[in-house]
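J.: Got a sequence here, can you build the structure:
(2 chains)
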Amino acid sequence: MNEYVNENETLGLDDIEMENTAVDDLDTEVINLVFLGIDGSGSMDSYSNDMKTALHDFKDAISNSKEVDEILVARANFNNNSIDVGGYKKIDDLNTDYQARGLTPLYDVVTEGSEKLLSYMTFLKEQGMRVKAVFAIFSDGEDTSSRANVSDARKKIQQLNNQEITTAFISFGQEAQTEAQNLDFKNVLEVGSSASELRRAFNVLSKSVIEASKSAVNTTDGDFFDM
Amino acid sequence: MKQLFVNKTGLDHQQEWKNCQDFGFINEKIKCVVDGCSEGLHSEIGAKLFCYLFEQTYSVDESFQQLTALFPTFEAMKNHLLFTILYVEETEETFEVYTAGDGIIIKEQHDGNIEYDILDQNNSPSYYAYNFIEKNYLKMYQEGVVLQQISYSKEEYLNIGVATDGLSYLLNSLHKDEFERLLRDKKYNRIKLLINKINKEALTSVLSNQSYVKPTFLKDDLTIAF
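T.: Numbers count the residues shown, from 1 in each chain, chains lettered A, B, ... in the order given. Take a look at the predicted model:
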């Protein structure tokens, strides 16, 4: 007879709490979920070090804010032919490493990322938490390798918009801006393709996330990036 | 022993955009809760100031001397200083509870069983501030208010805590057992979430008109120090 006992079952944790942050590890009734999808395709390769710095600064800004205990961040990387959507964790756990290679499966990360966001958000609400969320994508170009199509991804973004989740897209250069509009992101920030603009983008993002966390309701009408 | 402190604004005050009129504090010496009178315009200010002073002086009288210097007139006292006081001090052999006004004493036995002593004063709490108000303004308690002392033996009880009367809504709900489990485990945030859940379920039930029993809302502010 197999006497193996799953430690997580012993703790009474659901799978969703294992993948994200368990409710018992939260000290607040109000939580702000931040999905951060980062384009890691080959075209970003020359900015790898700048991206690491920008992610480090983003982490610092959130860590030093008063709202830090109310913010959970999920980082998703999309590059080559794969996507990697992480769970919603405290900012201390945010990995600031970065590598760029291959293609841009943007629609896939939007599809899987939004499903995971909605799933965890629903779970937290069922536990009695008040939840707000930001779904943010950083990308420099058009989708080149998704299994999902633009229509699938747009429906997901519209679903988030309908649930009053802030959808935000940082277009690193002009190429991705059309993609953001086609996908129906409500907030689009276009920055130039340079190291300083990349750092500025993440600086604006961290400030916007902190401001959004302070407000009583989600920012859904396009003023998320207004600083 | 691990401690638990919960301070939560009730549904009524949330809906009216009012401040929580309960307050309290907990430290190694004292567990204290206070409940501001809803008829006072700014009871929460006096309640919070009292806790701040009491945590430094550990003297109710001394704290009130300072408060009445800030709020010396009848109107100022009525609007700021009417709040109940309930606190526990530990000695080697006992838990000593002191009270002026209503509230609930939470008693945990060594086997984990939890019981309550309800201090009910028929909606006329004996506010300690009455000692500083001119007698001709008072219909009750003209003889003054003295802190009542109740002693609980450590042989009989593992822990004694105090709560404002907002706890009665939770104790009368279907979620009493769940509350007690969270209380024993000292899961303070889970207690807040439980209250949110109960209110949300009650609201959903009212809006969908599907309820055959009257839904329970947790309306009152609640503070627990356990």
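J.: need the strands for the chain, in chain order.
T.: With no chain named, the answer covers chain A. Remark: strands assigned in chain A by DSSP state E are A:30-39, A:71-79, A:82-85, A:89-90, A:130-139, A:166-172, A:187-191.
J.: wait, chain B
T.: B:5-8, B:22-26, B:30-36, B:83-90, B:94-100, B:103-109, B:114-119, B:148-153, B:157-163, B:222-225.
J.: nearest to chain B, of the strands of chain A?
T.: strand A:130-139 (7.3 Å; CB to the nearest CB). For the C-beta atoms, the positions are set from N, CA and C on the backbone; glycine is no exception.
J.: Run the contact check for the closest one versus chain B.
T.: Yes: contact of strand A:130-139 with chain B (CB under 8 Å from any CB of the partner chain) involves residue A:130.
J.: Packing partners of that strand?
T.: Counting by 3 or more CB pairs under 8 Å, 6 or more residues apart in numbering or on different chains; DSSP states H and E, the packing neighbours recorded for strand A:130-139 are strand A:30-39, helix A:106-126, helix A:150-162, strand A:166-172, helix A:175-182, helix A:195-214.
J.: try it again with 6 Å
T.: strand A:30-39, helix A:106-126, strand A:166-172 (3 or more CB pairs under 6 Å, 6 or more residues apart in numbering or on different chains; DSSP states H and E).
J.: Looking at the ones you listed, which one is packed in the most?
T.: Most buried of these by mean neighbour count (mean count of other CB atoms under 10 Å in any protein chain shown) is strand A:166-172; its value is a mean of 27.
J.: closest to chain A out of the strands of chain B?
T.: Minimum separation from chain A across the strands of chain B (CB to the nearest CB) falls at strand B:5-8, 8.3 Å.
J.: Residue A:159 - how many residues pack around it?
T.: 14 (other CB atoms under 10 Å in any protein chain shown).
J.: Mind telling me which of the strands of chain A the model trusts least?
T.: When the strands of chain A are ranked by mean pLDDT, strand A:82-85 comes last with a mean of 88.
J.: now for the strands of chain A, which one comes closest to residue A:122?
T.: strand A:130-139 (8.8 Å; CB to CB).
J.: quick one, the closest one and helix A:150-162 angle?
T.: For strand A:130-139 against helix A:150-162, the angle by axes from the mean of the first three to the mean of the last three CA atoms, to 10 degrees is 140 degrees.
J.: Quick check: neighbours of strand A:130-139 in the sheet, parallel or antiparallel?
T.: Strand A:130-139 has the following strand partners under DSSP bridges: strand A:30-39 (parallel), strand A:166-172 (parallel).
J.: Pull the residues that contact the first one.
T.: Right, strand A:30-39. Here strand A:30-39 makes contact (CB atoms under 6 Å, 6 or more residues apart in numbering or on different chains) with A:70-77, A:88, A:109, A:113, A:117, A:129-140, A:209, A:213.
J.: before we move on, back to that, in JSON lines, list the strands of chain A along with distance to residue B:110.
T.: Shown next, in JSON lines, are these (distance: least, CB to CB, whole Å):
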{"stretch": "strand A:30-39", "distance to residue B:110": "37"}
{"stretch": "strand A:71-79", "distance to residue B:110": "39"}
{"stretch": "strand A:82-85", "distance to residue B:110": "48"}
{"stretch": "strand A:89-90", "distance to residue B:110": "37"}
{"stretch": "strand A:130-139", "distance to residue B:110": "37"}
{"stretch": "strand A:166-172", "distance to residue B:110": "51"}
{"stretch": "strand A:187-191", "distance to residue B:110": "57"}
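J.: Pass me the low-pLDDT residue ranges in the chain, would you?
T.: With no chain named, the answer covers chain A. A:1-12, A:81, A:219-220, A:227 (pLDDT under 70).
J.: looking at chain B here, not the other one
T.: For chain B (pLDDT under 70), the answer is B:210-215.
J.: At the contact with chain A, which residues of it appear?
T.: B:189, B:192-193, B:196-197 (CB under 6 Å from any CB of the partner chain).
J.: Return the subset of the residues you listed lying in helices.
T.: Mapping these onto helices (DSSP state H) picks out B:189, B:192-193, B:196-197.
J.: Give me the distance between stretch A:189-198 and the centre of its chain.
T.: The chain centroid and the centroid of stretch A:189-198 are separated by 19 Å under CA atoms, centre = their mean, to the nearest Å.
J.: Measure how buried residue B:13 is and give me the count.
T.: Residue B:13: 19 neighbours (other CB under 10 Å).
J.: that older thread, switch the residues of chain B next to chain A over to a markdown table; also include distance to residue B:33 and neighbour count.
T.: Listed next are the residues of chain B next to chain A as a markdown table, based on distance: CB to CB, whole Å; neighbours: other CB atoms under 10 Å in any protein chain shown:
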| residue | distance to residue B:33 | neighbour count |
| --- | --- | --- |
| B:189 | 18 | 19 |
| B:192 | 15 | 19 |
| B:193 | 20 | 22 |
| B:196 | 20 | 19 |
| B:197 | 23 | 19 |
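J.: Just flag the most distant two among those.
T.: Most distant of the residues of chain B next to chain A, by CB to CB, are B:189 and B:197, 12.5 Å apart.
J.: Now do the shared contacts for those two.
T.: By CB under 6 Å, 6+ apart, no residue touches both residue B:189 and residue B:197.
J.: one step back: distance to residue B:150 for the helices and strands packed on strand A:130-139 - can I get that in a markdown table?
T.: Output for the helices and strands packed on strand A:130-139, formatted as a markdown table (distance: least, CB to CB, whole Å):
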| stretch | distance to residue B:150 |
| --- | --- |
| strand A:30-39 | 37 |
| helix A:106-126 | 40 |
| strand A:166-172 | 52 |
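J.: Among those, which comes closest to residue B:40?
T.: Minimum separation from residue B:40 across these (CB to CB) falls at strand A:30-39, 28.3 Å.
J.: quick one: the closest one to helix A:106-126, angle?
T.: Using the same axes, to 10 degrees, strand A:30-39 lies at 170 degrees relative to helix A:106-126.
J.: distance between strand A:30-39 and the chain's centre?
T.: On CA atoms, centre = their mean, the centre of strand A:30-39 falls 3 Å from the chain's centre.
J.: tell me the angle of it relative to helix A:175-182?
T.: 130 degrees.
J.: Any figure for the gap between the residue nearest in space to the middle of chain B and residue B:148?
T.: Closest to where the C-alpha atoms of chain B average out (CA atoms, centre = their mean) is residue B:164, at 2.0 Å. The gap separating residue B:164 from residue B:148 is 16 Å, by CB to CB, to the nearest Å.
J.: Perfect, I'm done here.
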